[in-house]
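1. Quick one, what's the 3D model for this:
(one chain, ligands or ions: 1)
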Amino acid sequence: MNSLELSSKSDEELNSLELEGKTFGVIGVCGIIGNLVARVLMDNGYSVIGTDMSNEADCRFKDSFDNYDIEIFYGGHPKTFFDKIDYIFVPPSLPETAKVFDFIHENNVTILELGDIFKLFPVKNPVICIGGTNGKTTTTTLLKHIAYSGDITPTEHNLKGMQGNNEFIPSLQTRLNGDLSILETGTDGTPGGLKSILDLTNAGYAILTNITPDHLDKGQSFIDYAKVKGELVQGIQEHNGTLIYNADDPTIIGLLNHLNYTGNSISFGLDLDSTDSTGYKPCWCNKDIEINEIISGCGRFNCDCGIKYKKPDYIATNISLKDKSFTLISPDDQYDFTLAIDGLHNIYNAVGAIIASKVFLNLSNDQIQKALSTFHGADGRMQSMGEVNGKKIMIDYAHNPAGVQTILTEITKIYGDSTVVITVTSESGSKGDFEILDHALGHIKHIVPASHDSRIAAEKLLNLSKENKVAYDYNYLSDTFVFTPTSPEQKTKSTLGASEEQVITGLKSALKTDVNLIICIGEAAFKFSPAIKSFCENN
Ligand SMILES: [Zn+2]
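-> You can find the predicted model right below:
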């Protein structure tokens, strides 16, 4: 469901409601929407009483009510609940046949729906949305870190374990108390979803990190996927907002051309003397565009169709990976920044966050630098797990070809010989599993395919090379691939990829390689990071 399908009362009806001093009953406060709506009502000064069919022990997001004064009835909707309330909120997930509607009608209570909540409680504070394929989480987490460090309090959904890109989470979160909202806006690829978030949150700022192939199932082409990501740009244009975008990405430049974007914008990029990596991705003209790459999918480019690199408004130069430092030249000034996190991809993430800190948070370079010094990365992004036999162990959430290549390239640059444990099952099927290997090869010393699907892809590649049917040399592949003792079984059809046991088995095989660092990548590596951490502590 998206906002377009939400029903609501007319403005006239809503204006005629007497809300002053009234008590709201909220059904389903243990669910995402019920929880957030209850808190939105309380943050707007109303008394709220909640109910939920579940028991208190099973109420997943109960902790988020810790600082609120709310009475909750668990296990059903008792008569005392109806005696106390003037209005009732029912979540959209509640079927029309639910028995609670009988009670509501018997007690003659006015029902408010989600669409009514959005109209009654408009977003009060500025909103920035962070979108793109890779780097969203780091950029969002860093920008929030800078905000807190500058005594600015962003709204928080406080729903433990939720990623926050379900469309109603940002839309309700922006209606909670806080100075402003910093939102990571993902999409499952469904057209309309992202635009609806922009409309419901009334976002005036956005950062677009990069657009690279990912989640390309359902026969969707890369350019179709880019158009879905482009809803962020359309939303900003319609709201007269400001778009902060990565100008080193030809897909983004093509998108802005395609949409005839004429709104406010701030572009950014990196200035590197030389790069020796050439990459390709589909261009808007249907040909492949050649990129002299800085990170996978971003760099310098010039296509016959007119899509070509242009120097951005903000450019990071004098880049030292060793010192994690760079000079950021802006239209008004220049400043030497130093990060506490590694890698060129993180310089992109940091520059996006720095620009937003200047124009959206109104902070000075010195204030921003102070915060950068204490930011050690988002969970699951180049996150250290410990050390075994003198080898550093890390995890990273990377799960699409560009993300994988970027991480492995940066890791090798910084730590030298390294081994990757791939726990991914690609969302794009076997073609995607193959592309992930293709993007890993040449950027890392050894590869342990630890998920069922990456193992299948690696074995297939090895067989094809034996018959000279692929560009890879058989001996090179045999040296690079390190297989676990037994072939991993198919444990899950979802994107999780590998089981906890398969991740640890992969790590054990990786420990037999002669390298300085082992990085486990994919959703499973992230999910099972506690097991990886305890493995490191006990070995
Ligand atoms: Zn082109």
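2. my read: residue 284 touches residue 254, true?
-> Yes. The criterion here is C-beta atoms under 8 Å, and residue 284 meets it with residue 254 at 3.7 Å. Any C-beta I mention is one placed from the backbone N, CA and C, and that applies to glycine too.
3. between those two, what contacts are shared?
-> residue 307 (C-beta atoms under 8 Å, 6 or more residues apart in numbering).
4. which one of the two has more residues nearby?
-> The residue with more neighbours, out of residue 284 and residue 254, is residue 254; 24 against 21, by other C-beta atoms under 10 Å.
5. Beyond the helix or strand that one falls within, next helix or strand please.
-> Taking DSSP states H and E as the criterion, the element that holds residue 254 is helix 250-258. Moving toward the C-terminus from helix 250-258, the next helix or strand (DSSP H and E) is strand 264-270.
6. strand partners of that next one, parallel vs antiparallel please.
-> Paired strands of strand 264-270, with direction, are strand 242-246 (parallel), strand 314-320 (parallel) (DSSP bridges).
7. which outside residues touch the shortest one?
-> Outside strand 242-246, the residues within contact range by C-beta under 8 Å, 6+ apart are 132, 204-210, 232-233, 236-237, 252, 256, 261, 263-269, 298, 348, 352, 355-356, 359.
8. hmm, try it at 6 Å
-> Contact partners of strand 242-246, identified using C-beta atoms under 6 Å, 6 or more residues apart in numbering, comprise 205-210, 236, 252, 264-267, 355.
9. just stretch 150-163 next, same as before
-> Contacts to stretch 150-163, defined as C-beta under 6 Å, 6+ apart, come from residues 61, 64, 144, 147, 164, 169, 173, 176, 178-182, 361, 363, 367.
10. Return the member of those nearest to the ion.
-> Distance to the ion, by C-beta to the ion, is smallest for residue 182 among those, at 33.8 Å.
11. And that closest one, how far from residue 197?
-> To residue 197, residue 182 is 14 Å away according to C-beta to C-beta, to the nearest Å.
12. likewise residue 245?
-> 18 Å.
13. so where is the stretch 351-500 of the chain shaky, pLDDT-wise?
-> Within the stretch 351-500 of the chain, the stretches with pLDDT under 70 are 492-493.
14. Which secondary structure state is assigned to the residue of it found nearest the ion?
-> Going by C-beta to the ion, the ion is nearest to residue 402 of the stretch 351-500 of the chain, at 18.3 Å. Following DSSP: H, G, I helix; E, B strand; the rest coil, we place residue 402 in the helix state.
15. before we move on, what about residue 139?
-> At residue 139 the chain is in helix, as set by three-state DSSP.
16. Break down the stretch 151-300 of the chain into its strands, ranges please.
-> 181-184, 205-208, 242-246, 264-270, 277-282, 288-295, 298-301 (DSSP state E, counting those that start in this stretch).
17. I'd like those strands laid out as a markdown table, including distance to residue 95.
-> What follows is the strands of the stretch 151-300 of the chain, written out as a markdown table (distance: least, C-beta to C-beta, whole Å):
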| stretch | distance to residue 95 |
| --- | --- |
| strand 181-184 | 30 |
| strand 205-208 | 36 |
| strand 242-246 | 41 |
| strand 264-270 | 45 |
| strand 277-282 | 43 |
| strand 288-295 | 47 |
| strand 298-301 | 47 |
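18. I'd like to know which of those lies nearest to residue 392.
-> Comparison of the strands of the stretch 151-300 of the chain against residue 392 by C-beta to C-beta identifies strand 288-295 as nearest, at 21.6 Å.
19. Return the set of buried residues in that closest one.
-> Across strand 288-295, burial judged by 16 or more other C-beta atoms under 10 Å covers 289, 290, 291, 292, 293, 294, 295.
20. Out of the residues you listed, the closest to the ion would be?
-> Among these, residue 289 lies closest to the ion (C-beta to the ion), at 5.4 Å.
21. Look at the closest residue in space to that closest one that isn't next to it in sequence and report its pLDDT.
-> Distances taken as C-beta to C-beta, 6 or more residues apart in numbering place residue 283 nearest to residue 289, at 3.8 Å, with adjacent residues excluded. Looking at residue 283, its pLDDT stands at 96.
22. Now name the helix or strand holding residue 147.
-> Residue 147 is part of helix 136-149, with elements assigned from DSSP H and E.
23. if we look at that helix, which residues are touching it?
-> By C-beta under 6 Å, 6+ apart, helix 136-149 touches 130, 154, 182, 184, 209, 349, 352-353, 356-357, 361, 368, 371, 375, 378, 381.
24. Narrow those residues to those in helices?
-> 349, 352, 353, 356, 357, 368, 371 (DSSP state H).
25. Out of the residues you listed, which comes closest to residue 44?
-> Residue 44 lies nearest to residue 356 out of those, by C-beta to C-beta, at 27.3 Å.
26. now that closest one: how far from residue 91?
-> For residue 356, the distance to residue 91 equals 33 Å [C-beta to C-beta].
27. Excluding covalently adjacent residues, which one is nearest to residue 250?
-> The shortest distance from residue 250 to any non-neighbouring residue, by C-beta to C-beta, 6+ apart, is to residue 301 (4.5 Å).
28. What is the burial count for that neighbour?
-> Per other C-beta under 10 Å, the neighbour tally for residue 301 reads 24.
29. again with residue 306
-> For residue 306, the neighbour count with other C-beta under 10 Å is 11.
30. Contacts only, for the residue nearest to residue 299 when sequence neighbours are not counted.
-> In this structure, residue 299 finds its nearest non-sequential neighbour in residue 293, 4.2 Å apart by C-beta to C-beta, 6+ apart. Applying C-beta under 6 Å, 6+ apart to residue 293 gives the contacts 275, 277, 279, 299.
31. and the first one, how many neighbours?
-> Just to be clear, that refers to residue 275. By other C-beta under 10 Å, 16 other residues sit near residue 275.
32. Could you do residue 520 as well?
-> Look at residue 520: counted by other C-beta under 10 Å, it has 28 neighbours.
33. Please, which helix or strand holds it?
-> For residue 520, the host element (DSSP H and E) is strand 517-521.
34. what does residue 335 give?
-> Assigned by DSSP H and E, residue 335 belongs to strand 334-338.
35. which parts of this protein sit against the ion?
-> Residues of the chain lying close to the ion by C-beta under 5 Å from the ion are 283, 285, 303, 305, 307.
36. So the chain: which segments form each domain?
-> For the chain, automatic domain parsing gives the domain ranges 3-120, 127-268+337-372, 383-537.
37. contacting residues around residue 297?
-> Per C-beta under 6 Å, 6+ apart, neighbours of residue 297: 212, 281, 402.
38. actually residue 35, not the one I typed
-> By C-beta under 6 Å, 6+ apart, the contact list for residue 35 reads 29, 61.
39. Please report the distance of it from residue 65.
-> Distance, residue 35 to residue 65, using C-beta to C-beta: 8 Å.
40. same question, residue 198
-> Taken as C-beta to C-beta, the span from residue 198 to residue 65 is 29 Å.
41. Next: residue 72.
-> For residue 72, the distance to residue 65 (C-beta to C-beta) stands at 7 Å.
42. With residue 252 instead?
-> 41 Å.
43. now do residue 39
-> Applying C-beta to C-beta, the value for residue 39 to residue 65 is 8 Å.
44. These two: which is more packed in?
-> Neighbour totals were compared for residue 39 and residue 65, and residue 39 leads with 26 against 19 (other C-beta under 10 Å).
45. Can you read off the pLDDT for the nearest residue to residue 355 once chain neighbours are set aside?
-> Leaving aside its sequence neighbours, residue 355 sits nearest to residue 244 (C-beta to C-beta, 6+ apart; 5.2 Å). With respect to pLDDT, residue 244 has a value of 98.
46. related to what we said a few turns ago, for the contacts of residue 297, give me CSV that also has neighbour count and distance to residue 477.
-> As requested, those are exported to CSV (neighbours: other C-beta atoms under 10 Å; distance: C-beta to C-beta, whole Å):
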residue, neighbour count, distance to residue 477
212, 25, 25
281, 23, 24
402, 26, 22
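47. before we move on, back to that, just the buried ones out of the contacts of stretch 150-163, please.
-> Among the contacts of stretch 150-163, those classed as buried by neighbour count (16+ other C-beta under 10 Å) are 61, 64, 144, 147, 164, 169, 173, 176, 178, 180-182, 361, 363, 367.
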